[in-house]
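>>> what's the 3D shape of this:
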Amino acid sequence: MTTKREWFFVIIISVFVIIFANIAVIHGYLIAPTGKLFWDATSFIDTNTYLAWMKQAAEGNVLFKDLYTSEPHARSFFHPFFLILGFFSSVTSISVRTVDYFARLLSEIGALIVLYLFISYFIQKKAERILTFAVTVFSGGFGFLFFIPSIKRLKDSWYIAFWGESNTFFSISGYTIYPFSLMLLFLAFYLMLRSFEENSNKLAIYSGLVALMLLFTHFYDTLIVYPVLFTYLICKYFIGKDFEKLKSGAIKLLIFTVISLPAPLYNFYLSFINPIFKVWAWEYGQRLSVNIFWVFGAMGFVGIFAIGGIFYLLFIKGSIDNKMLFLIVWALLTPFLIYFPVSIQRRLIEGVHVALSILTCIFIFFLADRFRLNKVLFVIVFIAISIPALFIVPVDRIMTLTRYAQSSDIAGFLNVELLDAMKWLDTNTESDDVVFCDYETGNYIPAVSGNTVFLGHPDQTLNFTEKWDLQKKFFREDVTDEFRISVLKRARARYLVYGWKEKSLGDFNPDTAGYLKLVYNKGRVKIYKVENYEE
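You can find the predicted model right below:
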């Protein structure tokens with residue numbers, strides 16, 4: 001049982017984590033220059049895609065389409081998390097951007113609470129589980145080595161510093177969907193482990209429902225949840241040799257699977273009925289794992305000490321209970337998962353940092369007892385040598401935002417002039433109307449106005465590189481109107497946004513084009529309606 005005193009320490013640690021995770025957001029709001037609205041500190045490229053799903057839900061759509069590519073396709077993508085957030089935005093008239101920020105904060109709080117419950121399931125002593133919680137949220141890898149020039153030049157060295165899924169803090173401080181999925185992942189595991197232990201079908205049902213939401217949120221977690229639970233059940237049987245318990249566990253796992261399986265089956269089915277989704281999810285969205293050397297580098301001392309924890313449980317303690325078996329199974333299975341022949345390999349490391357952190361602390365507490373060391377001091381020293389890697393992400397975000405705030409780019413900060421133009425599009429156009437514009441502008445438009453764009457995201461825009469070349473050539477003065485019209489036809493464009501970003505690409509003057517009609521002119525931004533051609 002957890003106590004009020006225990007939760008006091010958990011709350012203190014959690015407050016530090018949340019402030020640390022959002023320090024760049026605070027910085028962004030404080031330095032936003034006049035005429036610019038702070039937008040996001042994580043990555044405007046991906047954040048806006050999530051806001052675009054929410055915008056579609058706010059407009060009353062239950063099924064979504066990819067607004068970042070102009071090829072015709074049906075609404076068929078279902079995502080209950082964004083559906084709920086978008087619906088909330090609609091009924092409260094709060095912007096999707098503001099809703100996203102509040103949802104991110106609540107997801108961070110929820111993830112931290114569930115993580116502590118999960119840790120408490122494995123660590124019985126209150127002081128030790130508080131220390132384990134601290135190690136879990138404050139331990140980083142060897143990412144600080146990334147700034148050594150000789151290492152930075154090595155292929156894939158970026159992963160030791162910025163591999164978001166490899167670290168609990170990075171996951172909590174990422175896009176809203178990351179702390180939310182982390183919360184669901186550990187809640188599903190926590191409930192399922194308790195269902196095995198307490199022989200409760202009801203807990204298996206609850207776990208299955210949580211997993212259903214998880215797998216709709218992050219479909220790739222399918223390749224974490226099922227392999228880990230199935231392998232754990234099999235290993236538990238071989239150790240205990242109890243067929244009745246195997247049968248009971250199999251029934252609960254079947255209940256869990258039947259309830260949660262519709263989500264991965266739906267996404268698999270979607271790959272067949274929607275070719276846009278197939279290309280985006282499985283081809284353009286490839287996230288392959290790197291050399292095992294960088295995997296260990298991303299884990300740092302947690303990876304090393306976790307090996308010690310496994311060795312202690314297997315060979316020194318001489319016996320492992322079912323709880324510790326789960327951690328060992330997950331830890332030893334992950335190297336196989338992240339090199340499984342699928343396009344989303346690197347994502348499959350999500351969450352294992354928590355299991356490794358618990359194993360790390362088990363080893364730390366063993367060493368402290370063995371050599372009569374102070375456990376608190378031991379953990380403080382451990383965190384002190386492993387936490388520097390965590391500073392990389394917030395410091396990098398702060399430096400990037402500082403640079404963006406004073407530049408003409410719109411990454412991180414959206415100019416009010418562009419925001420007003422996008423609001424005009426929202427009011428005066430249909431969501432299916434395709435907008436032609438610069439790449440950066442095109443990244444924001446689906447999130448703000450809900451329009452489809454020709455170009456706006458490296459993964460969700462089909463044939464991105466080819467389209468980017470066409471878009472840049474379009475605004476050059478030395479190309480013909482015939483070429484421009486052909487590009488607009490291919491894009492199925494109904495509107496053209498022309499601001500300083502587009503003007504920087506070339507000397508094309510839209511006012512001289514007979515196929516463009518000026519419909520919006522405010523500040524440095526103009527919007528033209530495309531006329532005089534048939535699709």
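>>> okay, now residue 187: neighbour count?
23 (other CB atoms under 10 Å). For glycine as for every other residue, the C-beta is placed from the backbone atoms N, C-alpha and C.
>>> cool, and residue 371?
8.
>>> what ranges of this structure fall below the confidence cut-off?
1-2, 44, 282-286, 533-535 (pLDDT under 70).
>>> Relative to residue 373, how far out is the residue most central in space within it?
The residue lying closest to the centre of the chain (CA atoms, centre = their mean) is residue 178, at 4.1 Å. Residue 178 sits 35 Å away from residue 373, going by CB to CB, to the nearest Å.
>>> repeat for residue 330
28 Å.
>>> Give me the longest helix you can find in this protein.
In the chain, taking DSSP state H as the definition, the longest helix is helix 96-122.
>>> Give me the buried positions along whatever helix or strand comes next after that one.
Sequence-wise, the next helix or strand downstream of helix 96-122 (DSSP states H and E) is helix 126-138. Under the neighbour-count criterion of 16 or more other CB atoms under 10 Å, helix 126-138 has 128, 129, 130, 131, 132, 133, 134, 135, 136, 137, 138 buried.
>>> closest to residue 351 among those?
residue 136 (10.9 Å; CB to CB).
>>> So that closest one sits against residue 168, correct?
Yes. Here residue 136 reaches residue 168: they are 5.4 Å apart, a contact under CB atoms under 8 Å.
>>> Now do the shared contacts for the two.
In terms of CB atoms under 8 Å, 6 or more residues apart in numbering, residue 136 and residue 168 are both contacted by the residues 115, 353, 354, 357.
>>> between those residues, which is closest to residue 428?
The closest of those, once distances to residue 428 are taken by CB to CB, is residue 115, at 46.3 Å.
>>> Now do that closest one against residue 17, distance only.
10 Å.
>>> which residues are in contact with the helix or strand encompassing residue 233?
Using DSSP H and E, residue 233 sits in helix 222-240. Helix 222-240 is contacted by residues 185, 188-189, 192, 196, 211, 214-215, 243, 245-246, 249-250, 253, 256-257, 260, 263-264, 320, 322, 325-326, 329-330, 333, 337, 340, 342, 344, 348, 350-351 when judged by CB under 8 Å, 6+ apart.
>>> Just the buried residues of it, please?
Judged by neighbour count (16+ other CB under 10 Å), helix 222-240 contains these buried residues: 222-229, 231-233, 235-237.
>>> Tabulate those (JSON lines), appending distance to residue 394.
Converted to JSON lines, those look like this (distance: CB to CB, whole Å):
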{"residue": "222", "distance to residue 394": "31"}
{"residue": "223", "distance to residue 394": "30"}
{"residue": "224", "distance to residue 394": "27"}
{"residue": "225", "distance to residue 394": "30"}
{"residue": "226", "distance to residue 394": "34"}
{"residue": "227", "distance to residue 394": "33"}
{"residue": "228", "distance to residue 394": "30"}
{"residue": "229", "distance to residue 394": "34"}
{"residue": "231", "distance to residue 394": "36"}
{"residue": "232", "distance to residue 394": "35"}
{"residue": "233", "distance to residue 394": "40"}
{"residue": "235", "distance to residue 394": "39"}
{"residue": "236", "distance to residue 394": "40"}
{"residue": "237", "distance to residue 394": "45"}
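>>> Tell me the one among those residues nearest to residue 271.
The closest of the buried residues of helix 222-240, once distances to residue 271 are taken by CB to CB, is residue 222, at 13.0 Å.
>>> Relative to residue 27, how far out is the closest one?
Counting by CB to CB - residue 222 and residue 27 are separated by 37 Å.
>>> Would you mind giving both backbone torsions of the closest residue to residue 77 other than its chain neighbours?
Counting by CB to CB, 6 or more residues apart in numbering, the nearest residue to residue 77 once its immediate chain neighbours are dropped is residue 64, at 4.3 Å. Main-chain dihedrals, residue 64, degrees, to the nearest 10: phi -110, psi 160.
>>> swap in the one 4 residues further on?
Reported as degrees, to the nearest 10, the phi and psi values for residue 68 are phi -100, psi 10.
>>> what's it in contact with, if anything?
Residue 68 neighbours (CB under 8 Å, 6+ apart): 49, 52, 442, 443, 446, 452, 453, 455, 456, 457, 460, 461.
>>> so how far is residue 309 from it?
In this view, residue 68 and residue 309 are 44 Å apart by CB to CB.
>>> cool, and residue 172?
23 Å.
>>> one step back: include distance to residue 519 when you put the buried residues of helix 126-138 into CSV, please.
Shown next, in CSV, are those (distance: CB to CB, whole Å):
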residue, distance to residue 519
128, 66
129, 62
130, 61
131, 62
132, 60
133, 56
134, 57
135, 58
136, 54
137, 51
138, 53
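>>> Could you single out the nearest of those to residue 489?
residue 137 (52.7 Å).
>>> And that closest one, how far from residue 455?
For residue 137 relative to residue 455 (CB to CB), the value is 39 Å.
>>> and what of residue 482?
21 Å.
>>> Looking at those two, which has the bigger crowd around it?
Shown here are residue 482 and residue 455; by other CB under 10 Å, residue 455 has more neighbours (27 against 8).
>>> Tell me, how many residues neighbour residue 61?
17.
>>> Now it. Its backbone dihedrals?
Residue torsions, per degrees, to the nearest 10, at residue 61 are phi -90, psi 130.
>>> thought it was touching residue 75?
Yes. Under the contact definition of CB under 8 Å, residue 61 touches residue 75, with a separation of 6.2 Å.
>>> coming back round to it: which one of residue 330 and residue 373 has more residues nearby?
Shown here are residue 330 and residue 373; by other CB under 10 Å, residue 330 has more neighbours (24 against 14).
>>> Once you drop chain neighbours, what's closest to the more buried one?
Per CB to CB, 6+ apart, closest to residue 330 is residue 355, 4.6 Å.
>>> ok, the one you found touching residue 329?
No. Using CB under 8 Å, residue 355 makes no contact with residue 329, being 9.0 Å away.
>>> more neighbours, these two?
More neighbours surround residue 355 than the other of residue 355 and residue 329, with 25 against 21 (other CB under 10 Å).
>>> quick one, what contacts that one?
Residue 355 sits in contact with 306, 326, 327, 330, 331, where contact means CB under 8 Å, 6+ apart.
>>> hmm, 6 Å instead?
Taking CB atoms under 6 Å, 6 or more residues apart in numbering, we find residue 355 in contact with 327, 330, 331.
>>> separation between it and residue 248?
For residue 355, the distance to residue 248 - CB to CB - is 24 Å.
>>> Residue 151 now?
In this view, residue 151 and residue 248 are 51 Å apart by CB to CB.
>>> So which residues of the stretch 251-400 of the chain form helices?
Along the stretch 251-400 of the chain, counting by DSSP state H, counting those that start in this stretch, helices occupy 262-273, 275-278, 292-299, 301-311, 322-337, 352-370, 375-386, 392-405.
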